[in-house]
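Student: Can you look at this prediction? I've put the sequence above it.
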Amino acid sequence: MTDIFLQENERIDDLQLKGLKIIQNPEGFCFGIDAVLLANFCDVKPNSTIVDLGTGTGIIPLILYGKNKINKIYGIEIQEQVANMAKRSMELNNLDEKIDILNIDLKNVEEVIEVNSIDVVVSNPPYMDTGTGKVNPSDKKAISRHEIMCELEDVIEKAKRLLKHNGRFYMVHRPNRLTDILYYLRKHKLEPKTLRFIHPKASKSPNLVLIKAIKAAKPELKIDPPLYVYDELGQYTDEIHNIYGLDK
């Protein structure tokens, strides 16, 4: 029966979380560890309404739903084919009323979602600015990784517009963009509250950073202990096992 949800080259993966499944296309774009770590980093109060800016395959809404009591989640995705895949994942899980995938440009999100109405905004945005390397604008992976359709400030500005007073914004990004991130957060009245650096292993520099900001909050920034993905033997650390719900 699940085959009716699949298109060419697609597969259904079990998330090992309350029976939830996701449709992915290995030839297009599959979710990575950054999305999983971001979803786990989010501190979501019961019955929250959430927006995921640049939802991709819909992995973050699915994990947030599986781990929290959610009122409603909106996943915003500009790429029609990817948004369609995410919508079918929600239908596969009978969640299409709880998780609404909107195939729109996040720059136009205020046309469909009321400003100052959202409890939590999350985003795993494109990491690389348009001046970095050669980019094919028609490539789904390029759009997901490079600031072709939106820039960092677009994401932060829309998060600020959507959030209620004291609403929370969570994002994962690259440490080399941290100066820009903190600048744009402050510029748009989202006060940085928590940073957590993600290291491939203890002997390596961080390659990801998790950020929490609160709209109109007072200044006070906390740095959480680092998260190491692999131990020195190349195995997942205990914390990664716990996040993924894996048996050792």
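Tutor: That came through, no problem.
Student: rest of the way, CA atoms for contacts and neighbours
Tutor: Will do.
Student: Counting neighbours, what do you get for P219?
Tutor: 11 (other C-alpha atoms under 10 Å).
Student: you'd agree it is in a strand?
Tutor: No: using DSSP: H, G, I helix; E, B strand; the rest coil, the assignment for P219 is coil, not a strand.
Student: List the contacts of H165.
Tutor: N116, K215, A216 (C-alpha atoms under 8 Å, 6 or more residues apart in numbering).
Student: let's see it at 7 Å
Tutor: Residues counted as contacts of H165 (C-alpha atoms under 7 Å, 6 or more residues apart in numbering) are K215, A216.
Student: Mind checking what helix or strand follows the lowest-mean-pLDDT helix or strand in the chain in sequence?
Tutor: Here the helix or strand of the chain ranked lowest by mean pLDDT, DSSP states H and E is helix 140-145, holding a mean of 48. Next along the chain after helix 140-145, taking DSSP states H and E as the criterion, comes helix 152-162.
Student: How far does that next one sit from its chain's centre?
Tutor: The chain centre lies 14 Å from the centre of helix 152-162; the measure is C-alpha atoms, centre = their mean, to the nearest Å.
Student: Same question for stretch 61-79.
Tutor: On C-alpha atoms, centre = their mean, the centre of stretch 61-79 falls 10 Å from that of its chain.
Student: Identify all contacting residues around that stretch.
Tutor: Residues from elsewhere that reach stretch 61-79 (C-alpha under 7 Å, 6+ apart): 17-18, 39, 44, 46-56, 58, 83, 98-106.
Student: mind exporting that stretch as PDB, just the C-alpha atoms?
Tutor: Output of stretch 61-79 as PDB, limited to C-alpha atoms (Å, rounded to 0.1, in the frame of the first residue of the first chain):
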ATOM      1  CA  PRO A  61       8.500  18.800  11.400                       C
ATOM      2  CA  LEU A  62       8.300  15.000  11.700                       C
ATOM      3  CA  ILE A  63      10.800  14.800  14.500                       C
ATOM      4  CA  LEU A  64       9.300  17.700  16.300                       C
ATOM      5  CA  TYR A  65       5.900  16.100  16.100                       C
ATOM      6  CA  GLY A  66       7.300  12.800  17.200                       C
ATOM      7  CA  LYS A  67       9.000  14.200  20.300                       C
ATOM      8  CA  ASN A  68       6.500  16.900  21.400                       C
ATOM      9  CA  LYS A  69       2.800  17.700  21.800                       C
ATOM     10  CA  ILE A  70       2.300  20.000  18.900                       C
ATOM     11  CA  ASN A  71      -0.700  22.200  17.900                       C
ATOM     12  CA  LYS A  72       0.300  22.800  14.300                       C
ATOM     13  CA  ILE A  73       3.500  22.900  12.100                       C
ATOM     14  CA  TYR A  74       3.900  24.700   8.900                       C
ATOM     15  CA  GLY A  75       6.700  23.600   6.600                       C
ATOM     16  CA  ILE A  76       7.800  26.200   4.100                       C
ATOM     17  CA  GLU A  77       9.500  24.900   0.900                       C
ATOM     18  CA  ILE A  78      10.100  26.800  -2.300                       C
ATOM     19  CA  GLN A  79      11.000  23.800  -4.500                       C
END
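Student: Alright, that wraps it up for me.
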